[in-house]
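*Asks:* here is a sequence together with a model predicted from it:
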Number of protein chains: 2
Amino acid sequence: MSNFALSEFLPYRLAVAASAVSDRFARLYSARFGISIPEWRVLAVLGSFGTAHARQLTALTTMDKVKVSRAVAGLETAGLLKRRADAADARRTLLSLTPKGARTYAAIIPLAEAMQAALLAELPPDARAGLDAALTLLSPR
Amino acid sequence: MSNFALSEFLPYRLAVAASAVSDRFARLYSARFGISIPEWRVLAVLGSFGTAHARQLTALTTMDKVKVSRAVAGLETAGLLKRRADAADARRTLLSLTPKGARTYAAIIPLAEAMQAALLAELPPDARAGLDAALTLLSPR
DNA sequence: TGACATCGGTTGCATTTGTAACTAATTGAC
DNA sequence: GTCAATTAGTTACAAATGCAACCGATGTCA
């Protein structure tokens, strides 16, 4: 019999922690604003970038284009996002937040910042730094 | 406009890293052995514990009972796992690996250990320690 | 110009996952 | 002992996700 322990396996531990932290944050906003995690990611990027193509969103949110497309559609239906044609390339659509979308963004950001602060507060400084370095090294690119 | 950056948001970064690492590991075994991540988790626990109830598996794999039930069914269909009645409580089923399941386990564990070693090798020692501490503190207890 | 590959984005379909309801067995209050 | 409440586990149905095909627009190369 082996001495392998799932509970010490890094991919497993990362998945468990990521899911716990995501759920914790999602509980803060999902019911209140009715948006999903993919939608939150798109909202967050458009809120800080102002305008972007769906193509750019795939890179900035680490989601594939189908997921982005559906998140954009959802936000549009909810009246949080608007599309307009890109004069330079008719295949593309320029995406940006509506005033309502901007208000929602402005309302969620404090929650995100509070979440981030709460998480960091749970970690001693060296764990914070190590986690930061590790996440960078283990993420794509 | 805010200076919030999704790319520095901990829940997001954790999700991205977790997914990258999981995919990387899954690529090693999923095609070769035809098992899913939930099935891998059950296999890993049964391989090291020998026998368990589904109920125990939910705790040891951090998956809900439906996911466990399906993973168990999948492993059974694949001939990797067998059920037998629990004399002490007819609601429960005792689960354990078949010889074939044990062989699969024995074949995957080295891959898991190599993966773990490869991941740790990418991290400097302080990042390793910090990540370890952080994952423990951020996971449900 | 025209033929063809490529790109941005959406849609259809199969698979996976989550939620809730359900069955069967056991426990516990009385 | 009887019966309601709880527990182990499965199933049915809905929502989310992934993959591949697809459509129209643009780029490329002759």
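*Replies:* Yep, that arrived. Numbering: from 1, shown residues only, chains lettered A, B, ... in the order given.
*Asks:* ok, the closest residue to chain B within chain A to residue A:18 distance?
*Replies:* Nearest residue of chain A to chain B: residue A:130, at 1.2 Å (CB to the nearest CB). C-beta coordinates here come from the backbone N, C-alpha and C atoms, glycine included. Remark: distance between residue A:130 and residue A:18 (CB to CB, to the nearest Å) = 16 Å.
*Asks:* again, but for residue A:45
*Replies:* In this view, residue A:45 and residue A:18 are 19 Å apart by CB to CB.
*Asks:* spell out which residues of chain A are next to DNA strand D.
*Replies:* Counting by CB under 7 Å from any atom of the strand, the residues of chain A close to DNA strand D are A:36, A:37, A:38, A:64, A:66, A:67, A:70, A:89, A:90, A:91.
*Asks:* just to revisit the earlier point, of residue A:45 and residue A:18, who's got more company?
*Replies:* Higher neighbour count among residue A:45 and residue A:18: residue A:18, with 26 against 21, using other CB atoms under 10 Å in any protein chain shown.
*Asks:* list the contacts for the more buried one?
*Replies:* B:11, B:14, B:15, B:17, B:18, B:19 (CB atoms under 8 Å, 6 or more residues apart in numbering or on different chains).
*Asks:* kindly recompute the last result at 10 Å.
*Replies:* Residue A:18 makes contacts with A:135, B:10-19, B:21-22, B:135, B:138-139, as judged by CB atoms under 10 Å, 6 or more residues apart in numbering or on different chains.
*Asks:* likewise residue A:71?
*Replies:* Going by CB under 10 Å, 6+ apart, residue A:71 touches A:35-43, A:54, A:57, A:61, A:63, A:81.
*Asks:* then residue A:57?
*Replies:* A:38, A:41-42, A:45-46, A:49, A:63, A:65, A:67-69, A:71-72, A:95.
*Asks:* list only buried entries from these.
*Replies:* A:38, A:41, A:42, A:45, A:46, A:49, A:63, A:67, A:68, A:71, A:72, A:95 (16 or more other CB atoms under 10 Å in any protein chain shown).
*Asks:* how near is the residue of chain A found nearest DNA strand D to residue A:84?
*Replies:* Using CB to the nearest atom of the strand, the single residue of chain A nearest to DNA strand D is residue A:90, 3.2 Å away. Residue A:90 is 12 Å from residue A:84, where distance means CB to CB.
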